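**Student:** Return a 3D structure for these sequence lines:
(2 chains)
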Amino acid sequence: MSATSSTIVNLPDQKTARLPKRSYLNNEDGLLSWLLTGDHKRIAIMYLISITFFFFIGGAFAGLIRLELLTPQPDLVASDTYNKFFSMHGIIMVFLFLVPSVPATLGNFLIPIMIGAKDLAFPKVNLLSWYLYWLGGLFTLAALVLGGVDTGWTFTTPLSTHYLNTHVVTAAVGIFIIGFSSIFTGLNFIVTIHRMRAPGMTWFRMPLFIWSNYAASLLMVLGTPVLAITLVLVALERTIGIGVFDPTKGGDPLLFQHLFWFYSHPAVYIMILPGMGVISEVISTFSRKRVFGYTAVAFSSVAIALFGFFVWAHHMFIMGVSNYSALVFSLLTMLVAVPSAIKIFNWAFTLQKGSITFETPMLYAFGFMGLFTIGGMTGVFLGALGMDIHLTETYFIVAHFHFVMVGGMLMAFLSGIHFWWPKMTGRMYPESLSKLAAVTTFIGFNLTFLPQFILGYLGMPRRYHAYPPEFQVLNVLSTAGATVLGVGYMLPLLYLGWSLRYGAIAGNNPWQATGLEWQIQSPPLTENFIEVPIVDHEAYDYEWLAHKTEQEVTTVG
Amino acid sequence: MHISPVLWQFLVKWLNASALFPREASTIAPYADALYFFLLLITVVGLSVVGALIFGFAIRYRKEKHPVAVQVEGSTLLEATWTIIPLALFLICFVWGALLYFRIYNPPTNAMNIYVVGKQWMWKAEHQGGQHEINALHVPVGRPVQLTMISQDVFHSFSVPDFRIKREVIPGRYSTVWFQATTPGTYHLFCTQYCGTNHSQMIGEVTAMTPDDFQKWLQASTSGMSLAQNGERLFASMGCNACHTGTAGSRGPNLAGVYGSKLQLTNGSEVLVNDAYLRDAILNPSEHVTAGYSPIMPTYQGQVSEDGLIDLVEYIKGLNSNYRIQQTLVTSQSDQTAPTTPAGVKP
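**Tutor:** Okay, here's the model as predicted:
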């Protein structure tokens, strides 16, 4: 039993502790046993490795962008190359990292276990979605290796259809295919959550991580087909000139914007909602308390998913949409901000009267709450019609969505990875080094992106290869921050790798968390549970856990 | 520790040359900044509240101090508080933002019109007197200026940060924005919509001048022909005047005074004749047939440049009578009838 009062970590005696003899990791051996597996946990690990690979490619492009912007002159690379840098950075980070990040890794691993199921509803479809991810990833890599794409991740027509000579169709095919991987994942989650909950696991006993992934899955299934259609139209326009988006043939270039943002705004919620689920789990565990207002947090996820579909035209306020439609979309945008505010306050009040400890996942979660608040509030700047005119298409918007996607989502992802690392691998990560990484990431992130808000208000346009010299000081600060941030992201890669072999044995429940996943061995058996669990308590019921532990001690003792 | 004086000088100069807040150089800028500071205020307050809650609870209820958590279900009252207060603040932002939006995008009626054509990768401004500028725009201070903009190829976006205005410049469609400069000076003009290789070179300077200086500049930069005069020449050389003669029984409708009127079309709809309608009617005539006329006009798609279309639109806008059209027909020597600039205007 742990002796210190400042931590809840409770590890088995390291002298006698061993990893379980049989687990999903060593149940079968050989590469093929991984590549042909139907086990959601193995697929999650394969996804984790894949998205990490793409994250560092996308990150390398971010580094090159910041390096170029160190000086006002376009002196590191040619303009075409620079344009390819930010296009590849966006495409890889959005479609190959952020969208699958939490759902395909943590979601895949945890959703069946958290609801007490043996696997996802369609294990083979799950494996298929990983292969589709890689097929799409290979097309994207092919586009990159063959010379890159310079459309930006937004594929704006008619630039992408008529004016660029790069591998637009190859990249579009890649994203089209990845879209199906995301549709299949969403479908799998929805069916699993509806049909495969253990006896007693009612909707309102589910962990909030399940609720938020459920909401994100709805968005994936309903939104992604629209992106697929849009990309098909872009490819057809480019290859045979069907003219849907071409004004000289009677098409409408704004139609593309509508279609693209009809997916790409909900996509933002696909990216952030699962992250919010992670934060709910982590905050509850490290304050030993039920999440404040469980129902409100659960329904706010669904509300975000619902409203998220009706705000897309806020990306088009300056594009000559009718003033009255702009009014409607601005109002709806303000409404979608409310559920996010509710979540932030509910998490804050979960801390109240808790018994709080500050392990790495909690530090990342605190980082998330601060940065996501800034990201959300600056979203209100952009949702306010008149303010949007000055701020859109500048570095303000770049800073805003990086606060949400990187400050929010990536922090949540890292929080979740640290939190469930002992469950996935059976070993602990090194605590002090990972705290250092969390703090480094937070400082580096703020140094990188806070100056960009000021640059944005000054009017520095996004996607600029060169900029007026008076913007240099802020850009140098931003690049310096990016360097720190880079270190912050390299550290986990190194020490998590180290911990696979040398980390302390974690035991079943190092955090003494309440979720079903913590009541089984780490790493889990292939079939997850030895017997089907029967759920007779609500989520985050720490009294149930204390009672259960007491009983075990009595029975064993 | 010793720092080289040269390096020191460099650092001081470098820091002094950096910008932190844009200049307020239009009548709109103070309104935009007021909303900005309000938004900044609620962000700081919101962030402080969240920060205070997190840090306060984290210190007060850390495990050393508070070893056993007290379970709380939730509180409808508290949750209602943090639903209603943010909602109210966001709604204030919505109303304020909407008011600002309508202020920026609804030009006053007395605004002076300048046409802007965007293309990869340059801005071309055309004043009514025929003055053309590339990657530059000269405007008088103290007078509302409306820009009627169109792109010849891809999406561009016309942004003058010091004026706090921006508008997308779209292929095949006029978009407008207006401003009134307040302080003479030169200001950055950026294309903010990614438009291909040299996107970051699609920049220019807006020069705001006192009205006197602006008049001098206009006179010094004249190209000899106003937009309407260019339009008249095009009107004749493309044979528009053969049908739009303005006489009874002509094959095309009378164009004199048509601008600003309501027009009945053969498909039953009624349209307001503005710049965009005139442009569309030249390019897609079969979709814009005036009631009582047959759809015989051919399309001019691909035959007139955006600049030419602007000239034609500007010509038709100013057409009060058909006298000159008929004169042109009589002589049928279009290039000779185009009037030259009066001698006095020449530099």
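
**Student:** Please make it C-alpha for all contacts and neighbour counts, starting now.
**Tutor:** OK.

**Student:** What does the pLDDT read for the residue of chain A found nearest chain B?
**Tutor:** Nearest residue of chain A to chain B, counting by Cα to the nearest Cα: residue A:386, 3.8 Å away. Listed pLDDT for residue A:386 reads 94.

**Student:** Residue B:341 now?
**Tutor:** The predicted local confidence for residue B:341 is 51.

**Student:** Residue 174: neighbour count?
**Tutor:** No chain specified, so I'll use chain A. 26 (other Cα atoms under 10 Å in any protein chain shown).

**Student:** Chain B, not that one
**Tutor:** 21.

**Student:** So it sits against residue B:274, correct?
**Tutor:** No - if you go by Cα atoms under 8 Å, residue B:174 and residue B:274 don't touch, sitting 10.3 Å apart.

**Student:** Point out where the stretch 201-347 of chain B drops to low pLDDT.
**Tutor:** For the stretch 201-347 of chain B, the stretches with pLDDT under 70 are B:328-347.

**Student:** For it, which residues are neighbours of chain A?
**Tutor:** B:201, B:301 (Cα under 8 Å from any Cα of the partner chain).

**Student:** which residues of the stretch 201-347 of chain B fall in strands?
**Tutor:** Counting by DSSP state E, counting those that start in this stretch, the stretch 201-347 of chain B has strands at residues B:203-209, B:262-264, B:270-272.

**Student:** Deepest in the core, which of the ones you listed is it.
**Tutor:** strand B:203-209 (a mean of 20; mean count of other Cα atoms under 10 Å in any protein chain shown).

**Student:** about what we covered before: make sure the residue of chain A closest to chain B is indeed in a strand.
**Tutor:** No - using DSSP: H, G, I helix; E, B strand; the rest coil, the secondary structure at residue A:386 is helix, not a strand.

**Student:** Which helix or strand contains the closest residue to it other than its chain neighbours?
**Tutor:** The shortest distance from residue A:386 to any non-neighbouring residue, by Cα to Cα, 6 or more residues apart in numbering or on different chains, is to residue B:101 (3.8 Å). Element membership for residue B:101, per DSSP states H and E: helix B:76-105.

**Student:** Counting by contacts, list what that helix packs against.
**Tutor:** The contact analysis (3 or more Cα pairs under 8 Å, 6 or more residues apart in numbering or on different chains; DSSP states H and E) places helix B:76-105 against helix A:323-351, helix A:360-383, helix A:385-391, helix B:29-60, strand B:175-179.

**Student:** hang on, the earlier thing: contacting residues around the residue of chain A closest to chain B?
**Tutor:** For residue A:386, the contact set (Cα atoms under 8 Å, 6 or more residues apart in numbering or on different chains) comprises B:32, B:96, B:97, B:98, B:99, B:100, B:101, B:102, B:104.

**Student:** Return the per-residue confidence for the residue most central in space within chain B.
**Tutor:** When Cα atoms, centre = their mean is applied to chain B, the residue found nearest the centroid is residue B:177 (3.2 Å). On pLDDT, residue B:177 comes in at 94.

**Student:** How about the one 4 residues further on?
**Tutor:** Confidence at residue B:181, expressed as pLDDT, is 96.

**Student:** before we move on, what about the one 4 residues further on?
**Tutor:** Per-residue confidence (pLDDT) for residue B:185: 95.

**Student:** what residues are up against it?
**Tutor:** B:207, B:208, B:209.

**Student:** quick check, nearest of those residues to chain A?
**Tutor:** residue B:207 (16.7 Å).

**Student:** Spit out the contact partners of the closest one.
**Tutor:** B:136, B:137, B:138, B:139, B:184, B:185, B:186, B:187.

**Student:** Mark which of these are buried, thanks.
**Tutor:** If you count burial by 16 or more other Cα atoms under 10 Å in any protein chain shown, the buried members of the contacts of residue B:207 come out as B:136, B:137, B:138, B:139, B:184, B:186, B:187.

**Student:** so what's the closest residue in space to the last one that isn't next to it in sequence bridging to?
**Tutor:** Right, the one you point to is residue B:187. Leaving aside its chain neighbours, residue B:187 sits nearest to residue B:206 (5.0 Å; criterion: Cα to Cα, 6+ apart). Bridge pairing for residue B:206 (DSSP bridges) gives the partners residue B:137, residue B:187.

**Student:** so how far is chain A from residue B:206?
**Tutor:** 14 Å (Cα to the nearest Cα, to the nearest Å).

**Student:** Can you give me every residue that contacts that residue?
**Tutor:** B:136, B:137, B:138, B:139, B:160, B:186, B:187, B:188, B:189.

**Student:** Just give me the closest of those residues to chain A.
**Tutor:** residue B:160 (7.8 Å).

**Student:** I'd like the distance between the residue nearest to that closest one when sequence neighbours are not counted and residue A:348.
**Tutor:** Closest residue to residue B:160 apart from its sequence neighbours, by Cα to Cα, 6+ apart: residue B:189 at 4.9 Å. Distance of residue B:189 to residue A:348, computed by Cα to Cα, to the nearest Å: 44 Å.

**Student:** do the same with residue A:116
**Tutor:** 29 Å.

**Student:** same deal with residue B:320?
**Tutor:** 69 Å.

**Student:** Neighbour count for the two, which is higher?
**Tutor:** The residue with more neighbours, out of residue B:320 and residue A:348 and counting by other Cα under 10 Å, is residue A:348; that gives 25 against 13.

**Student:** can you pull the contacts of that one?
**Tutor:** For residue A:348, the contacting residues are B:50, B:53, B:54, by Cα under 8 Å, 6+ apart.

**Student:** Of the residues you listed, which are in range of chain A?
**Tutor:** Among the contacts of residue A:348, the residues lying close to chain A (Cα under 8 Å from any Cα) are B:50, B:53, B:54.

**Student:** Looking at stretch A:53-69 now, give me its mean pLDDT.
**Tutor:** What stretch A:53-69 shows for mean pLDDT is 96.
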